[in-house]
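Novice: no sequence for this one, just the structure:
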Ligand code: FAD
Ligand code: NAP
């Protein structure tokens, strides 16, 4: 059996940086990655129109000044192929591939208390031993394919946005159905519509989408950021979501502002484009009345774009603005003005069945040459729980999490020594610029391992009481907001049967400070032996 200090599961941005960091500490590491290349999200999600919703100058690693100075992004929001190229560049630049086993899925990780080591198994028969196991498996890496009746009977082309083929897919002249209206659908629908002869979009819940205003990256802006990149990064780390310091939240309540103020601020942010729209007022996510003002603004914008009032009405979201991650689009709403594009409301009956030739929904039958499932992910816990993880006394993680995920700091689970999760449930992760959250977690885990070596400790694990308090804290923070009011994947509500628990923690800066304090106080809340 091969022995390593660290086994890392996943070679997305989390696994890649973790590998780089462990190597720099002189530790031996083995990475297992299910895909045949690096990049994680950007390796799998190759659907047309896929791109980041955090601006390129921010959605990138900050750990190497040389890297961030030398890399050139071409657009305000980088497209998927460019982000994947960047991931490959990082792998080459830091010579990461030699420690990564591609096309290899970790199937099990079992802890042995007598040796204080983990035994890790893969679907290719590898059995390796490691002191530490780091789950860099991603929050949005386990696709959600609903069990639609008749799914397997469908005879046409079938795609999931999260497992898109590597070869270009040509929809030219085809009748295409898209199920879902989340970010992946909203990015791909305008492009598919340009190719297809007929496009039908099945919408269960209308989503908010703000224009991206994507454009070639302004060279002057790039130069300005590069002239002070570390300071720019530091300012962003002080933002709630670890991004957007150039367009911060307007610290004024909508409730005490006038209708003219509302229009001016929302107009400004709609014109600027991007996720900053949600920062128009500081009470949008804590007060329903304030949020209604934002909701009505978006509805009125949609009515201005979409010519058929009935379609505009269907596209106007009903749920709280920002309750699900808002989408950032290019021409999404306008696409529904095209005569060959139809929106079908399935909010009442859902998809009734997939048939050999298409879809039955809303009491009608539709025939398609290709079906696109833009149905999202079993988020935050899906990929972790697909691995048979057993901690002390054979405790299975799926049992420890039977009532929803429980972690301390989103980093470790009581009863699972030396097992760390990067951007795990209970950490800000998906509510932030994730690369910055990933870096913060990797740095913290590395610091913890260094401390253990210095202190001669073999194991570290969260105490049950620290974990209980942390879970209460995460829930209490969410409970002060409107986030838990809709059926979002933050709550696991998109996957039938999944326990409804708000999984991410709101607020990056206080979280990062807590992690620092925990470390400075000798890893309080953890037991090390
Ligand atoms: P991932 O990139 O998901 O990588 C995890 C890797 O682990 C995958 O390659 C997977 O194959 C592998 N893996 C999982 N289980 C196993 C196993 N058992 N064995 C071996 N390998 C395994 N975030 C932002 O901040 N801004 C954005 O603009 C943004 N856009 C996004 C767009 C899309 C379409 C999606 C789906 C997500 C987006 N995200 C965005 C979130 C994105 O997931 C993160 O930003 C980031 O890429 C996550 O990196 P990661 O390494 O943690 O996980
Ligand atoms: P998603 O937001 O979960 O959207 C999935 C869509 O499928 C929703 O419209 C959902 O409807 C629908 N759906 C799910 N199950 C269904 C069922 N059984 N019947 C009918 N409809 C069903 O997934 P996503 O679009 O892939 O995005 C996931 C996350 O990835 C985003 O929130 C974001 O964090 C990230 N992402 C980011 C970008 C970007 O702009 N950079 C792009 C893509 C993804 P309901 O809403 O009713 O559940």
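Specialist: Nice, I can see it. Remember, it's a predicted structure, so these values are computed and weren't measured experimentally. Ligands and ions are numbered 1, 2, ... in the order given.
Novice: which non-adjacent residue is nearest the residue in the chain that ligand 2 sits nearest to?
Specialist: Per CB to the nearest ligand atom, residue 182 is where the chain lies closest to ligand 2, at 2.1 Å. The C-beta positions use only the backbone N, C-alpha and C, and glycine is treated the same way. Leaving out its chain neighbours, the residue that sits closest to residue 182 by CB to CB, 6 or more residues apart in numbering is residue 376, at 5.5 Å.
Novice: what sits against the one you found?
Specialist: 140, 143-144, 162, 180, 182, 184, 489, 494 (CB atoms under 8 Å, 6 or more residues apart in numbering).
Novice: ok, so of those, who is nearest residue 117?
Specialist: Ranked by distance to residue 117 (CB to CB), these are led by residue 140 at 30.4 Å.
Novice: residues near that closest one, how many?
Specialist: 25 (other CB atoms under 10 Å).
Novice: just the pLDDT for it.
Specialist: On pLDDT, residue 140 comes in at 98.
Novice: wait, isn't it in contact with residue 381?
Specialist: No. Using CB atoms under 8 Å, residue 140 makes no contact with residue 381, being 11.3 Å away.
Novice: give me the distance between residue 506 and residue 518.
Specialist: Computed as CB to CB, to the nearest Å, the residue 506 to residue 518 distance reads 18 Å.
Novice: repeat that for residue 132.
Specialist: With CB to CB as the criterion, residue 132 and residue 518 are 18 Å apart.
Novice: same question, residue 509
Specialist: 15 Å.
Novice: these two: which has the busier surroundings?
Specialist: Ranked by neighbour count (other CB under 10 Å), residue 509 and residue 518 place residue 518 first, with 19 against 14.
Novice: list the buried residues in the helix or strand harbouring that one.
Specialist: Taking DSSP states H and E as the definition, residue 518 sits inside helix 508-520. Across helix 508-520, burial judged by 16 or more other CB atoms under 10 Å covers 508, 511-512, 514-515, 518.
Novice: also stretch 300-310?
Specialist: For stretch 300-310, by 16+ other CB under 10 Å, it's 301-303, 305-306.
Novice: and the residue of the chain closest to ligand 2, how many neighbours?
Specialist: Around residue 182 there are 22 residues (other CB under 10 Å).
Novice: where does it land on pLDDT?
Specialist: 98.
Novice: check residue 354 too.
Specialist: For residue 354, pLDDT reads 98.
Novice: please name the bridge partners of it.
Specialist: Residues in a beta bridge with residue 354, per DSSP bridges, are residue 359.
Novice: cool, and residue 2?
Specialist: residue 128.
Novice: grab the longest helix from this protein for me.
Specialist: Assignment by DSSP state H gives helix 434-455 as the longest helix of the chain.
Novice: go ahead and name everything in contact with it.
Specialist: Helix 434-455 is contacted from outside by 6, 13-14, 17-18, 21-22, 25, 27, 58-63, 132, 134, 139, 233, 236-237, 242-243, 410-411, 420, 422-423, 427-429, 457-458, 460, 508, 512, 515, 519, 523, 528, using CB under 8 Å, 6+ apart.
Novice: near ligand 2, which residues of the chain show up?
Specialist: Residues of the chain found near ligand 2 (CB under 6 Å from any ligand atom) are 52-53, 140, 146, 161, 179-185, 187, 204-205, 325, 328, 350-351, 374-377, 430, 487, 489, 494.
Novice: narrow the residues you listed to those in helices?
Specialist: Using DSSP H, the subset of the residues of the chain next to ligand 2 located in helices is 183-185, 187.
Novice: and those residues, which is closest to residue 33?
Specialist: residue 184 (21.7 Å).
Novice: so who does the closest one touch?
Specialist: Here residue 184 is in contact with 45, 47, 50, 161-162, 374, 376 (CB under 8 Å, 6+ apart).
Novice: 10 Å instead, please
Specialist: Applying CB atoms under 10 Å, 6 or more residues apart in numbering, we find residue 184 in contact with 45, 47, 49-50, 140, 160-162, 164, 178, 327, 372-377.
Novice: which residue of the chain sits farthest from its center?
Specialist: Within the chain, residue 114 marks the point farthest from the mean C-alpha position, 36.9 Å out by CA atoms, centre = their mean.
Novice: could you look up the SS state of that residue?
Specialist: coil (DSSP: H, G, I helix; E, B strand; the rest coil).
Novice: separation between it and residue 388?
Specialist: Residue 114 is 20 Å from residue 388, where distance means CB to CB.
Novice: do the same with residue 166
Specialist: Where residue 388 is concerned, residue 166 sits at a distance of 29 Å (CB to CB).
Novice: tell me which of those two has more neighbours.
Specialist: residue 388 (14 against 8).
Novice: perfect, I'm done here.
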